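Trainee: Provide a 3D model corresponding to the input given below.
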Amino acid sequence: MMWDFWSLSPESLHQVTILFSDRGIPDGYRFMNGYSSHTYSLINASNERFYVKWHFKSMQGIRNLSVERADELAGVDSDYATRDLFEAIERKECPKWRVCAQIMPEADAASYKVNPFDLTKVWPHKDYPLIEVGVMELNRNPKNYFAEIEQAAFSPVNTVPGMGYSPDKMLQGRLVSYPDAHRYRLGVNFEALPVNRPKCPVHSYNRDGSMRFDDNGGDAPNYEPNSFGGPAEDHRYREMRYTVSGEIGRYDHREGNDVYTQAGNLFRLLKTDEKARLIRNIVGAMKTVPERIQRLQISHFMKADPAYGRGVAEGLGLTVEEPDLVSAK
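Mentor: The predicted model follows:
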C-alpha cells in the first residue's frame with residue numbers, strides 16, 4: 001500500500017529519495033538536522049511580510065545508520081535514540097543546533113519558479129541562503145517523563161508577535177488538526193498544563209471544561225466585549241491580511257507542477273556509494289510489490305534521473321524502455 005500510494009503521488013518523490021538514502025536513518029537525535037518544512041511568515045517593524053523556512057543544523061555533525069545496523073538496534077535496543085540523547089545531556093554534553101532561516105520577500109512568492117507554499121518543495125540555498133539567527137540547546141532532561149513529555153502539546157498554531165502563517169495548504173490543515181488532537185488526547189484545558197502553559201501572562205476568556213484545576217477566572221466576565229475591565233484583543237497581533245484575486249475552487253495540484261527536478265538534483269548530488277545504497281534500500285523495500293506498481297514507480301525514478309530508474313529496475317530484475325515504462329503486466 002505504501003508504494004501504491006507513492007506511485008500514484010509522484011510529488012512524494014523528493015521525500016522518498018531522502019527517506020531511502022543515508023539521510024533516512026539518523027544515528028539518534030543529536031546527529032540530525034531539523035526543518036520546519038512548512039512556510040511561515042515574519043512581520044517586520046514596518047508591517048511588511050516575509051516568508052520563511054526554518055532550519056536547525058546539528059552542531060554535533062551528521063551521522064547515519066545503515067539499514068542493517070538499524071534493524072539490529074530495533075531488535076536489541078529499541079530505545080537507542082532516546083537513551084543516547086538522555087545520557088548525553090546527563091554527561092553535560094548538551095546538544096545544540098544552529099537556528100537558520102531562509103527568507104523570501106512576499107512579492108517574490110507570486111513569481112518564484114516553484115510554489116513557495118508547496119510542502120514537497122525546497123527553496124534552493126543559492127536563491128535564498130541560510131541566515132543564522134541563534135542556537136537551540138537541549139540542556140535538561142525531564143524530571144517526570146509523563147508530565148513533561150507525554151503531555152507536551154506542540155502545535156504550529158503557537159506563534160509569537162511578529163510571526164505568522166502562510167497559504168501553505170498542509171500548514172493550514174495542521175493549524176486546525178493539531179490543537180483538535182490535543183483537546184481529544186489531553187482535554188480541553190491542555191494549554192493550562194505546566195508543560196504547555198506560556199511563561200508570560202495570558203489574558204483570555206477560556207473557561208470551564210473538564211479537569212479545570214485553577215480558579216477558572218474567578219467571577220470575572222467570560223465574554224467580549226464587556227464593560228467590566230476584561231481583556232481586550234490587541235489588533236496589532238492579528239494575522240496580516242492577504243490580497244486574493246481570481247477564482248477560488250478545488251484544483252489538481254499536480255497540473256503544471258514539476259515533481260521530478262528536485263528529486264533528480266538530490267540524486268545527482270549523492271556520491272557513487274550513496275547512490276548504490278539508496279537504490280539497494282529501495283529495491284529491498286519494493287521486491288514484494290506487484291510488478292505493475294514497481295513499473296509505475298520506476299517510471300517516476302526515470303523521470304527524475306535515468307540512472308536512478310535503471311538502477312532500481314535492474315535491482316528488481318526488470319527491463320525498462322525509455323520513455324514508456326508504465327505498461328505494467
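
Trainee: Do you know the pLDDT at the spatially most central residue of the chain?
Mentor: Central residue of the chain (C-alpha atoms, centre = their mean): S37, 4.3 Å from the mean position. Here the pLDDT value assigned to S37 is 94.

Trainee: so which strand or helix has M170?
Mentor: helix 169-186 (DSSP states H and E).

Trainee: In that helix, which residues are buried?
Mentor: Neighbour-count burial for helix 169-186 flags L171, R174, L175, Y178, P179, H182, L186 (criterion: 16 or more other C-beta atoms under 10 Å). From N, CA and C alone the C-beta is placed, and that goes for glycine too.

Trainee: Backbone dihedrals for I18, please?
Mentor: phi -60, psi -50 (degrees, to the nearest 10).

Trainee: which ones are touching the residue nearest to it when sequence neighbours are not counted?
Mentor: With C-beta to C-beta, 6 or more residues apart in numbering as the criterion, I18 has its nearest non-adjacent residue at 6.2 Å, and that residue is G24. By C-beta atoms under 8 Å, 6 or more residues apart in numbering, the contact list for G24 reads I18, N64, N281.

Trainee: ditto for Y80
Mentor: Y80 touches G28, L73, counting by C-beta under 8 Å, 6+ apart.

Trainee: 10 Å instead, please
Mentor: D27, G28, L65, R69, A70, E72, L73, A74 (C-beta atoms under 10 Å, 6 or more residues apart in numbering).

Trainee: same deal with D71?
Mentor: Contacts for D71 were tallied using C-beta under 10 Å, 6+ apart; they are I25, L65.

Trainee: That one: what secondary structure?
Mentor: D71 falls in the helix class when you classify it by DSSP: H, G, I helix; E, B strand; the rest coil.

Trainee: and which of the contacts of Y80 is nearest G317?
Mentor: Among those, A70 lies closest to G317 (C-beta to C-beta), at 25.5 Å.

Trainee: you'd agree the closest one is up against G28?
Mentor: No: at 11.1 Å, A70 does not count as touching G28 under the criterion of C-beta atoms under 10 Å.

Trainee: Return every residue with contacts to both of these two.
Mentor: N64, Y80.

Trainee: Who has more neighbours out of these two?
Mentor: Legend: neighbour count by other C-beta atoms under 10 Å for A70 and G28, higher for G28 (19 against 15).

Trainee: shouldn't the more buried one be in contact with D84?
Mentor: Yes: between G28 and D84 there is a contact under C-beta under 10 Å: 4.2 Å.

Trainee: what touches both of these two?
Mentor: Both G28 and D84 are contacted by P95, under the criterion C-beta under 10 Å, 6+ apart.

Trainee: looking only at pLDDT, what's the mean for the helix holding M170?
Mentor: Mean predicted lDDT for helix 169-186 stands at 96.

Trainee: Other residues contacting it?
Mentor: Under C-beta under 10 Å, 6+ apart, the answer for helix 169-186 is 36-40, 115, 117-120, 150-159, 165-166, 168, 188-191, 193, 195-196, 209, 211, 253.

Trainee: what residues are up against the residue nearest to the centre of the chain?
Mentor: Q15, K53, W54, L119, T120, K121, V122, D168, M170, L171.

Trainee: what's next to the following helix or strand past the helix holding M170, contact-wise?
Mentor: Next helix or strand after helix 169-186 toward the C-terminus (DSSP H and E): helix 261-269. Helix 261-269 is contacted by residues 10-18, 21, 23, 113-114, 120-122, 124, 274-275, 278-279, 300-309, 311 when judged by C-beta under 10 Å, 6+ apart.

Trainee: buried sites along helix 261-269?
Mentor: Quick answer for helix 261-269 (16+ other C-beta under 10 Å): Q262, A263, G264, L266, F267.

Trainee: returning to what we had before: what would the contacts of Y80 look like in CSV with distance to Y128?
Mentor: CSV is the format used below for the contacts of Y80 (distance: C-beta to C-beta, whole Å):
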residue, distance to Y128
D27, 29
G28, 30
L65, 31
R69, 35
A70, 33
E72, 40
L73, 37
A74, 38
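
Trainee: Which members of these are the farthest-apart pair?
Mentor: G28 and E72 (14.5 Å).

Trainee: any idea how far F228 is from N47?
Mentor: According to C-beta to C-beta, to the nearest Å, F228 stands 32 Å off from N47.

Trainee: ok so, going back, would you list the buried entries among the contacts of S37?
Mentor: Buried, going by 16+ other C-beta under 10 Å: Q15, K53, W54, T120, K121, V122, D168, L171, out of the contacts of S37.

Trainee: Just the closest of these to T288, please.
Mentor: Q15 (21.8 Å).

Trainee: Name the helix or strand for the closest one, please.
Mentor: Going by DSSP H and E, Q15 is part of helix 13-20.

Trainee: what do you get for V283?
Mentor: V283 belongs to helix 272-286 when elements are defined using DSSP H and E.

Trainee: hmm, back to that, drop the exposed ones from the contacts of helix 261-269 and show what's left.
Mentor: Of the contacts of helix 261-269, these count as buried by 16+ other C-beta under 10 Å: 10-17, 21, 23, 114, 120-122, 275, 278-279, 300-305, 308-309, 311.
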